[in-house]
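> Predicted model follows, preceded by the sequence.
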Amino acid sequence: MKHQLTKPMQWLVAAGAVTALSVWATTRYTPLEASSHREAPLIADDPLADNTDVYAFVDPNDASRVVLIANYIPFQLPQGGPNYYTFGENVRYEIHVKNNANTTGDDIIYRFTFTRTNQDGTTFFNVRLGAQNLKTVYTCEKIVGGVSTTIVANGEVPAYNIGPRSISSGVGLSQASYAAYRQGKVANATGGGSEQVFCGSSDDPFFVDLGAIFDLAGLRVNRGSRDGLAKYNVHSIALSIPISTLQKDHKDVSARANILDPDYVIGVWASASRPTLRTLNGTAGNGTTTASGTYVQVSRLGMPLMNEAINPIGSKDAWNRATPYTEAAITDNYLSNPELGLYTADNTPVAPAAPKSAGQTFYGENVPALMALRMQTKSLYGRLPAPYDGGFDFRNQAPGLYPLKGTTLVANTALADNNYGSYLLVANSPRSVDLKPIFHTGVPNLPPYQLAVGKAGGNPLAAGKPFVNNFLPLMGTANGGPGGDMLRLNMAVPATPRNSPDFSNQGLIAAAVLGLTDPRFNTTQTLQNIPNMDGFPNGRRLEDEVVKIELQAVGGAVLAAIGLWYDDFGPTATNPVTPSLKGVLNFTAGVEKNDTTFLASFPYVQTPWQGTRIRR
């Protein structure tokens with residue numbers, strides 16, 4: 001990254017700069033990590049239907065196309081023979097696209113079903129003499145307005161990357177290289193579509209110290225942190241789709257009004273469904289299994305780690321059965337008072353922090369790895385006129401910004417009642433202003449969600465430099481609000497070239513730093529294409545490092561992004577670059593990049609690890 005966040009922040013010399021940076025955190029603020037491997041009790045017992053990650057990004061090689069990827073089947077050992085991993089039969093794998101806030105339900109669905117065949121029942125080997133056992137083919141249907149069209153029939157899933165004898169030798173498949181063989185399985189849509197489709201095994205592109213995270217957040221920074229997904233494979237469904245196919249009016253990207261055009265925002269989520277009945281046949285039925293009945297959704301995923309680190313254990317299985325349009329109302333509560341907030345607040349905060357409300361208990365002192373992440377308890381203390389001069393407390397169940405509801409201070413902002421204030425400002429729900437919209441609606445191009453460049457008097461609620469717009473509310477949701485969990489992407493934002501010196505896996509955080517500190521961008525409020533504006537959480541690129549920023553968001557970085565400074569920016573402070581802010585921005589989760597590279601062209605996910613070796 002051109003500007004390292006871990007450097008001393010001499011460049012943040014004004015409140016406006018920090019505000020802008022914080023807003024980047026706003027956009028970068030998604031859930032805790034970015035994956036949902038074995039995230040719920042029931043789906044952990046059904047790995048073939050377990051959706052691990054969803055990605056959506058503008059194709060860096062073709063500005064007119066978008067790439068959607070859904071990964072399934074976590075923790076695949078490359079050497080897991082003789083029956084290697086593959087997509088399951090009797091499972092509907094689906095990628096869902098929402099492109100119009102004025103319609104109910106999905107606007108486009110891509111549905112995949114798979115069939116497996118044993119080509120040589122006389123051998124226990126998976127591949128032998130040109131034949132393949134568990135050879136898998138698929139059908140891809142495109143469903144628009146309830147009408148289904150088959151766009152790929154009899155598409156092939158490449159054999160698992162077993163080893164050189166199975167893949168390259170004459171006693172196997174006689175392929176010159178696994179990479180070329182796998183690439184040859186990319187299918188072009190028929191029936192009038194222009195999609196490209198790939199279904200097959202890949203390196204798991206997600207990276208995180210899973211063992212430490214789930215050991216009560218015991219991150220091992222500088223103590224031997226380990227990527228818990230290194231050298232594991234997953235199965236990927238990847239689509240390359242023209243933007244004109246996904247845009248609600250079928251406009252090409254060249255017709256956009258600007259790079260934040262709201263008409264180009266899409267929501268993406270993925271799912272897996274199984275038939276309601278499963279019969280285990282006895283020996284008379286050759287030990288087979290028969291599935292029947294209607295299909296029921298058993299797994300879903302949009303924003304990373306929503307079900308893994310936001311929903312409590314008692315709600316996980318029900319969440320997997322629901323859709324973004326039937327989101328339970330209590331899910332908003334989990335986002336507005338997240339459990340993780342209990343571990344980024346101290347039970348006995350240092351004065352002049354606000355006292356706890358009756359019955360509140362926090363555990364920040366017991367999680368030393370998160371010590372740098374401390375949310376605001378008295379933000380803007382002494383900075384605003386009475387009755388708001390006491391500051392704002394964002395610990396769970398605290399008022400947050402709710403006291404501003406309906407006042408002239410939030411007029412003409414996203415927090416006004418005639419905009420989205422009724423959803424964003426809720427009593428005793430402090431994180432409804434940051435975490436909830438990140439997951440459930442996307443971020444609108446309205447104050448306070450703009451860069452601080454040019455904000456009058458450093459007022460975080462004033463208009464600033466437009467920076468992100470992936471706002472896509474949903475109508476007719478069961479929770480009574482406009483929100484539901486999806487990965488939202490504005491397709492009008494150009495892709496940052498992966499070989500650009502400005503490219504960074506810090507996504508919108510990196511874009512914020514450039515927007516606030518680089519003279520190419522920080523001298524005007526005019527909308528500009530800042531590198532990495534196409535990064536997470538405006539969609540999600542394979543490279544994006546989401547763990548650190550999501551943890552920073554839980555610790556209040558998003559709130560600081562809209563100018564709600566940390567507590568040590570007290571009434572007499574002159575520089576908002578306080579020790580608290582520096583600590584948050586310098587925070588690291590230990591593992592910050594994938595264990596291997598990504599491909600330079602579609603399907604972009606790297607070839608899977610080979611079963612006979614674990615090095616490329």
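It's in.
> can you point me to the longest strand in the protein?
Across the chain, the strand with the greatest residue count (assigned by DSSP state E) is strand 265-280.
> And that strand, what does it pack against?
Judged by 3 or more Cβ pairs under 8 Å, 6 or more residues apart in numbering; DSSP states H and E, the packing partners of strand 265-280 are strand 51-58, strand 65-76, strand 92-98, strand 289-301, strand 487-490. To be clear about C-beta, it is placed using only N, CA and C from the backbone, and glycine gets the same treatment.
> Which one of those lies nearest to residue 139?
strand 92-98 (10.7 Å; Cβ to Cβ).
> Quick one: mean pLDDT for the helix or strand following the closest one?
Following strand 92-98 in sequence order, the next helix or strand is strand 108-117 (DSSP states H and E). Strand 108-117 carries an average pLDDT of 97.
> Quick one: distance of the helix or strand following strand 108-117 to the chain centre.
Toward the C-terminal end, the helix or strand that comes next after strand 108-117 (DSSP H and E) is strand 127-128. Centroid separation for strand 127-128 versus its chain: 38 Å, with Cα atoms, centre = their mean, to the nearest Å.
> where in this protein is pLDDT low?
Flagging of the chain using pLDDT under 70 yields the residue ranges 1-36, 40, 457-458, 476, 478-481, 614-616.
> could you show me where the helices are in it, in order?
Here the chain has its helices, by DSSP state H, at 15-28, 41-44, 164-167, 178-183, 210-213, 243-246, 316-321, 329-336, 421-424, 435-440, 508-517, 546-554, 557-561, 579-585.
> how close does residue 79 get to residue 162?
Using Cβ to Cβ, to the nearest Å, we find residue 79 at a distance of 9 Å from residue 162.
> which residues are in contact with both of the two?
Here residue 79 and residue 162 share the contacting residues 611-612, scored by Cβ atoms under 8 Å, 6 or more residues apart in numbering.
> Mind checking which of those two has more residues around it?
residue 162 (23 against 14; other Cβ atoms under 10 Å).
> Would you check that the more buried one makes contact with residue 127?
Yes - judged on Cβ atoms under 8 Å, residue 162 makes contact with residue 127 at a distance of 6.2 Å.
> Who are the contact partners of residue 589?
When contacts are counted by Cβ under 8 Å, 6+ apart, residue 589 touches 208-209, 213, 219, 221, 225, 547-548, 551.
> hmm, which of those residues are the buried ones?
Buried by 16 or more other Cβ atoms under 10 Å: 208-209, 213, 219, 225, 547-548, 551, out of the contacts of residue 589.
> just how off-centre is stretch 112-130 within its chain?
When C-alpha coordinates are averaged (Cα atoms, centre = their mean), stretch 112-130 and its chain have centres 35 Å apart.
> does residue 367 really touch residue 345, like I thought?
No - the pair residue 367 / residue 345 is not scored as a contact, 10.3 Å apart, by Cβ under 8 Å.
> residue with max distance from the center of the chain?
residue 284 (46.8 Å; Cα atoms, centre = their mean).
> List the residues that contact that one.
Residue 284 neighbours (Cβ under 8 Å, 6+ apart): none.
> Could you check how far it is from residue 290?
With Cβ to Cβ as the criterion, residue 284 and residue 290 are 12 Å apart.
> before we move on, what about residue 210?
For residue 210 relative to residue 290 (Cβ to Cβ), the value is 36 Å.
> same deal with residue 105?
31 Å.
> what do you get for residue 550?
42 Å.
> For those two, work out which one has more neighbours and name it.
More crowded of residue 550 and residue 290, by other Cβ under 10 Å: residue 550, with 29 against 12.
> hang on, the more buried one packs against residue 305?
Yes - contact criterion Cβ under 8 Å: residue 550 and residue 305 qualify, at 7.1 Å.
> Show the backbone phi and psi for the closest residue to residue 221 other than its chain neighbours.
Distance criterion Cβ to Cβ, 6 or more residues apart in numbering; nearest residue to residue 221, sequence neighbours excluded, is residue 590 at 4.7 Å. Residue 590 adopts backbone torsions of phi 100, psi -40, taken as degrees, to the nearest 10.
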